[in-house]
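Asker: My questions concern the predicted model and sequence given below.
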2 protein chains.
Amino acid sequence: MKDTDDIPALMAEIGVRARAAASELATASPAAKRAALEAAADAVWRRRGEILDANARDLAAARDKELSPAMMDRLVLDEGRIEGITEGLRAVAAQDDPVGATIAEWDRPSGLHIRRVRTPLGVIGVIYESRPNVTADAGALCLKSGNAVILRGGSESFHSSGAIHACLVEGLTSAGLPEDAIQRVPVTDRAAVKAMLTMTDTIDVIVPRGGKSLVGLVQREARVPVFAHLEGIVHVYLDAGADPAKALKVVLDAKTRRTGICGAAECLLIHRDVADTIGQGVVRALIDAGVEVRGDAALQSIPGVVPAGDEDWGREYLDSIIAARVVDDLDAAIAHIRRYGSGHTDCIITEDDAAADRFFARLDSAILMRNASTQFADGGEFGMGAEIGIATGKMHARGPVGAEQLTSFKYLVTGDGAVRG
Amino acid sequence: MKDTDDIPALMAEIGVRARAAASELATASPAAKRAALEAAADAVWRRRGEILDANARDLAAARDKELSPAMMDRLVLDEGRIEGITEGLRAVAAQDDPVGATIAEWDRPSGLHIRRVRTPLGVIGVIYESRPNVTADAGALCLKSGNAVILRGGSESFHSSGAIHACLVEGLTSAGLPEDAIQRVPVTDRAAVKAMLTMTDTIDVIVPRGGKSLVGLVQREARVPVFAHLEGIVHVYLDAGADPAKALKVVLDAKTRRTGICGAAECLLIHRDVADTIGQGVVRALIDAGVEVRGDAALQSIPGVVPAGDEDWGREYLDSIIAARVVDDLDAAIAHIRRYGSGHTDCIITEDDAAADRFFARLDSAILMRNASTQFADGGEFGMGAEIGIATGKMHARGPVGAEQLTSFKYLVTGDGAVRG
């Protein structure tokens, strides 16, 4: 069907189709978009056998390629995960439609009434690795926000993503929406990624989802704006005013609930005044939970603590390891986070309002938390229904990127013959 | 004081200073920023003699260079214009401080309270041509929004801008704010502009203010995000449902109040059904007002209408000229604007709500108007106090860019020991 030898031409054609679909989608009714997503969810469940067969093909290839267990875990689907995909689609379907929503409105002495309303961005490019569910999540969020999307999944999940994509297209068609609204790049050649990064005429923003090497490549080479985070070097700071029980509970969850996600804690900072009390208790509990604690000199008297090296500060382990350090005070913690953090999510544990206010004011991470697990850094947990990713840049979108952040706005100004005169 | 032979080194130093100042400014109190702006306004008025002397030097040089009358008009200052500058500074000073303002907040079933608050973007680069007042407007808006700014004015207004800049620095110093918060590039070499376009580490966004060649250069070559509009190809569409009196009043104002601004109308589209009635009246009135009307065949029977050529559609005259065309219906007007417009400001004159709704929904200009002069496309008229420019892109800022659009946001999340568990 397509000439897959000429990747730039193939991608250019996909881009032109996406732009045309975006133009139609911008005025699609909320009901049609909702119906498409619900029909897609139905199709995913009805066609789960196909999806599992496709996933089996991907898994067989992955075993041949000796993928890491973490990669295999991301790739594998079962009925439970497929149900999760349908729930994600239905959750996005049920959300308020952002397009056309009034963000603000006001009157002017000139007699003008000014409304600021949401509009789609246009065409979103999503470049991801092995999680097949990103196909559904990203497709759904882009459709909800009135954007056309070009999905370029990793070669590992090629067949699984293809089967899920077919269900999304079934949903679009059944609702009378253009099937080019959600396109999937039908080849695994990496030249397709390179092409997307420079398609400034037909792609408005690129969202990379995956490891540091993929995101780094996209951030360095894209001529198109990018919503992304390179790393989640997440800090938790135990303040002098920390509550011991909350400290223990929050740090353990932040580190151990899931270690491979970007909101997992990677570094524990402990105020000197509570290092021997709350700090020691937390460190021991982490070790008891099987976490390797790499501590600075002040913590090495605690049995089981491994000495930290310089390379442990500012490091994203994505594993059952945490760096830990005693700091002189709140400002020293802030200075450490400014130097070593990645602007993703950072947390203070304290009952002291002034300390929390200072932490919130002096740091500029996308997400700052107080007395809450950093594993809540997630669009679903924020109430966005789903997220297409988490962004640490400051332009346009920041933090979890849901449907609203995939919109722009325009001004609608009405007068009754008003002139400036 | 500075080695002005090595422009890249000079600009790099300015960038580093701006970044340091931005870090301080991000937590500057609203009172300090307001005081700095009020002190700057006082200084501009007190030192108006110096400013006028500096302006006289620029004007003398401009006469030698035989600048166009339009350029000369933008450049010249008098006591009235200086008073306007002080009023602009005071208006921005009086605005609500956007930094730290809560944009949205909500509770989650998990017990989390989530707040989205405004933060500064960081460092803004402003590249402009001959209007010396941009120095004050841009400096004030960036300061208000907690951003450091690097101002690079045109060589024509070099001395005038320098004198105004000195007053801004006096304001900063008197309020205890870093004087590097508002820096001015102290050389006229164009290499400084080139350097700014690639200073991705120290400049977060560039705002070009000026003619098409300057803005085009910046848009093509910047590696830093840009808030800009290349052209204001502003359309006014006289619908079949137009009120004759409003049509006459609005079109005349939109075209003739000031012809050299980006919100001035450049093309008049007339519904076939009212071409011989309202349309003819409006065209005659334009001609009577001294406007050259370049009409399509359907309008050439009106005395004084000049035949339009293909090159007249999608043209920004910035002069006392307007293109005019009869269209079959609303959708033909929309199609014309989609093809030839620049996404800046477009207007419908109609009493028909359905027609206005369709015009608003199907077009995606930054500003869409109904029964109001397009000359209202201005941050001051929108109630933003002032604007640093008007953007037609869809990323981050759009339409008139005031202090709010120069901010990003962060999430502040509080729990009481909440974990995902």
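Answerer: Thanks, I have it.
Asker: If I follow the layout properly, A:Tyr237 ends up in contact with A:Phe359?
Answerer: Yes. Using Cβ atoms under 8 Å, A:Tyr237 is in contact with A:Phe359, at 7.1 Å. From N, CA and C alone the C-beta is placed, and that goes for glycine too.
Asker: if I look at those two, which residues touch both of them?
Answerer: Applying Cβ atoms under 8 Å, 6 or more residues apart in numbering or on different chains, one finds that A:Tyr237 and A:Phe359 are jointly contacted by A:330, A:333, A:348.
Asker: my guess is the last one contacts A:Ser365, does it?
Answerer: No. In this structure A:Ile348 lies outside contact range of A:Ser365 using Cβ under 8 Å: 11.2 Å.
Asker: who's more crowded, the two?
Answerer: A:Ile348 (30 against 25; other Cβ atoms under 10 Å in any protein chain shown).
Asker: can I assume the more buried one sits in a strand?
Answerer: Yes. Assessed by DSSP: H, G, I helix; E, B strand; the rest coil, A:Ile348 belongs to a strand.
Asker: Show the subsequent helix or strand relative to the longest helix along chain A.
Answerer: Ordering each helix of chain A by length in residues (DSSP state H) puts helix A:7-25 first. Using DSSP states H and E, the helix or strand that follows helix A:7-25 in sequence is helix A:30-46.
Asker: now that following helix: how far from the chain's centre is it?
Answerer: 23 Å (Cα atoms, centre = their mean, to the nearest Å).
Asker: now that helix and helix A:7-25, what's the angle there?
Answerer: 130 degrees (axes from the mean of the first three to the mean of the last three Cα atoms, to 10 degrees).
Asker: Packing partners of helix A:30-46?
Answerer: On a contact count with 3 or more Cβ pairs under 8 Å, 6 or more residues apart in numbering or on different chains; DSSP states H and E, helix A:30-46 meets helix A:79-94, helix A:133-144, helix A:158-174.
Asker: The longest helix of chain A vs helix A:133-144, what angle?
Answerer: Using the same axes, to 10 degrees, helix A:7-25 lies at 40 degrees relative to helix A:133-144.
Asker: So which elements touch helix A:7-25?
Answerer: strand A:123-128, strand A:148-152, strand A:182-184, helix A:191-197.
Asker: For A:Ala104, name its beta-bridge partners.
Answerer: Judged by DSSP bridges, the bridge partners of A:Ala104 are A:Arg116.
Asker: Run a quick check on it versus A:Arg116, I expect a contact.
Answerer: Yes. Taking Cβ under 8 Å as the definition, A:Ala104 is a contact partner of A:Arg116 at 4.7 Å.
Asker: what about these two, which has more around it?
Answerer: Higher neighbour count among A:Ala104 and A:Arg116: A:Arg116, with 18 against 11, using other Cβ under 10 Å.
Asker: what sits against the more buried one?
Answerer: A:102-105, A:409-412.
Asker: and these, which are buried?
Answerer: With neighbours counted using 16 or more other Cβ atoms under 10 Å in any protein chain shown, these contain these buried positions: A:409-412.
Asker: Can you add secondary structure, distance to chain B and pLDDT and give those back as CSV?
Answerer: Supplementary listing: the buried ones among the contacts of A:Arg116 in CSV, determined by DSSP: H, G, I helix; E, B strand; the rest coil; distance: Cβ to the nearest Cβ, whole Å; pLDDT from 0 to 100:
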residue, secondary structure, distance to chain B, pLDDT
A:Phe409, strand, 6, 98
A:Lys410, strand, 6, 98
A:Tyr411, strand, 5, 98
A:Leu412, strand, 5, 98
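Asker: Can you pull the residues of the stretch 1-150 of chain A lying near chain B?
Answerer: A:26-27, A:100, A:106, A:108, A:110, A:112, A:114, A:119, A:121-122 (Cβ under 8 Å from any Cβ of the partner chain).
Asker: What residues sit buried inside the worst-scoring helix or strand of chain A on mean pLDDT?
Answerer: Ranked by mean pLDDT, DSSP states H and E, the weakest helix or strand in chain A is helix A:69-75, scoring a mean of 84. Using 16+ other Cβ under 10 Å as the test for burial, helix A:69-75 gives A:71-72, A:74-75.
Asker: what does stretch A:353-361 give?
Answerer: For stretch A:353-361, a neighbour-count test (16+ other Cβ under 10 Å) marks A:355-356, A:358-361 as buried.
Asker: one step back: pLDDT on the longest helix of chain A, on average?
Answerer: Averaged over helix A:7-25, pLDDT sits at 96.
Asker: now the angle between strand A:123-128 and that helix, please.
Answerer: 130 degrees.
Asker: got the angle between helix A:7-25 and strand A:148-152?
Answerer: On the basis of the same axes, to 10 degrees, helix A:7-25 is oriented at 150 degrees to strand A:148-152.
Asker: who touches helix A:7-25?
Answerer: By Cβ under 8 Å, 6+ apart, the residues outside helix A:7-25 that reach it are A:2-4, A:120, A:122-123, A:143, A:146-150, A:177-181, A:183, A:185-187, A:189, A:191-192, A:195-196, A:199, A:201-203.
Asker: just curious, which of the contacts of A:Arg116 is nearest to B:Ala265?
Answerer: A:Tyr411 (17.0 Å; Cβ to Cβ).
Asker: Touching, the closest one and B:Ala372? I think so.
Answerer: No. Using Cβ under 8 Å, A:Tyr411 is not in contact with B:Ala372; the gap is 11.3 Å.
Asker: ok, now which ones touch A:Gln405?
Answerer: A:227, A:391, A:396-398.
Asker: what about A:Glu100, is that helix, strand or coil?
Answerer: Actually, residue A:100 is Gly. It isn't Glu. Per three-state DSSP, A:Gly100 ends up coil.
Asker: got the contact list for it?
Answerer: A:Gly100 neighbours (Cβ under 8 Å, 6+ apart): A:117-119, B:361.
Asker: Apart from its chain neighbours, what residue comes closest to A:Val226?
Answerer: Among residues not flanking A:Val226 along the chain, A:Ile206 sits closest, at 5.1 Å (Cβ to Cβ, 6 or more residues apart in numbering or on different chains).
Asker: So what pairs up with that neighbour in the strands?
Answerer: Beta-bridge partners of A:Ile206, counted by DSSP bridges, are A:Gly125, A:Val226.
Asker: ok, now how distant is it from chain B?
Answerer: A:Ile206 is 12 Å from chain B, where distance means Cβ to the nearest Cβ, to the nearest Å.
Asker: Look at that residue and report its pLDDT.
Answerer: pLDDT at A:Ile206 comes out at 97.
Asker: ditto for A:His344
Answerer: In this prediction, A:His344 carries a pLDDT score of 98.
Asker: Contacts only, for A:Gly162.
Answerer: A:Gly162 neighbours (Cβ under 8 Å, 6+ apart): A:54, A:184, A:186.
Asker: just A:Leu168 next, same as before
Answerer: A:40, A:43, A:135-136, A:139-140, A:182.
Asker: cool, and A:Ser365?
Answerer: A:Ser365 makes contacts with A:337, A:341, A:343-346, A:392, B:410, as judged by Cβ under 8 Å, 6+ apart.
Asker: at 6 Å what do you get?
Answerer: Applying Cβ atoms under 6 Å, 6 or more residues apart in numbering or on different chains, we find A:Ser365 in contact with A:343, A:346.
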